[in-house]
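In: Could you look at this predicted model? Sequence included:
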Amino acid sequence: MHCEISQTFYFDAAHTLKRAIEADGSKRVHGHTYNAEVFVAGQPDPTTGMVMDLGLVRREIAVLREQLDHHLLDEVEGLGPPTLENLCQFIFRKLDARLPGLASVRVWRASLGDGCRVSR
Ligand SMILES: Nc1nc2c(c(=O)[nH]1)N=C([C@H](O)[C@H](O)COP(=O)(O)OP(=O)(O)OP(=O)(O)O)CN2
Ligand SMILES: [Zn+2]
């Protein structure tokens, strides 16, 4: 049976954003709390009953999180313009090499009700 396990985490970060609309507030440095969720897909191992130990997922997320939490996202190498889309892709790229079966990554801002999800 195909299963997807998941782990949520959050990070607080600052950014600026160049936009064609509502531009004034976005271009000043300001912060958001970003929520994220990582999905890993696979068949549970018959012996362990796990697709992957969620402790391993949390360990890799902790390393990745260090690169985003309390950072100015404009300065994070390899991120590009700090949009939800680029955050999803950045997290996916960083975790892809470390988490076999990584299926998708979701990033959202509860305060604004917006979000993005990327899948393999
Ligand atoms: N396709 C996308 N569109 C937009 C994105 C995005 O990531 N992908 N992001 C934004 C803005 O960052 C977002 O709307 C928040 O606006 P911002 O100026 O950062 O903050 P607000 O003042 O609107 O919200 P707060 O209440 O201060 O957090 C827009 N479009
Ligand atoms: Zn913003």
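Out: Yes, it's here. Ligands and ions are numbered 1, 2, ... in the order given.
In: Any buried residues in stretch 75-95, and which?
Out: 76, 79, 82-84, 86-92, 94-95 (16 or more other Cβ atoms under 10 Å). For glycine as for every other residue, the C-beta is placed from the backbone atoms N, C-alpha and C.
In: Does that stretch reach ligand 1?
Out: Yes - applying Cβ under 6 Å from any ligand atom, one finds stretch 75-95 touching ligand 1 at 83-85.
In: what pLDDT, on average, does that stretch get?
Out: Stretch 75-95 carries an average pLDDT of 98.
In: Distance of the closest residue to Gln67 other than its chain neighbours relative to ligand 1?
Out: With sequence-adjacent residues excluded and distances taken as Cβ to Cβ, 6 or more residues apart in numbering, Gln67 is closest to Val76, at 6.4 Å. Noted for Val76: a distance of 14 Å to ligand 1, by Cβ to the nearest ligand atom, to the nearest Å.
In: just Asp74 next, same as before
Out: 12 Å.
In: Quick check: which element contains the residue of the chain positioned farthest from its centre?
Out: Most distant from the centre of the chain: Thr47, at 30.2 Å, with distances by Cα atoms, centre = their mean. Secondary structure assigned from DSSP states H and E places Thr47 in neither a helix nor a strand.
In: Gly115 versus that one, what's the distance?
Out: Distance of Thr47 to Gly115, given as Cβ to Cβ, to the nearest Å: 36 Å.
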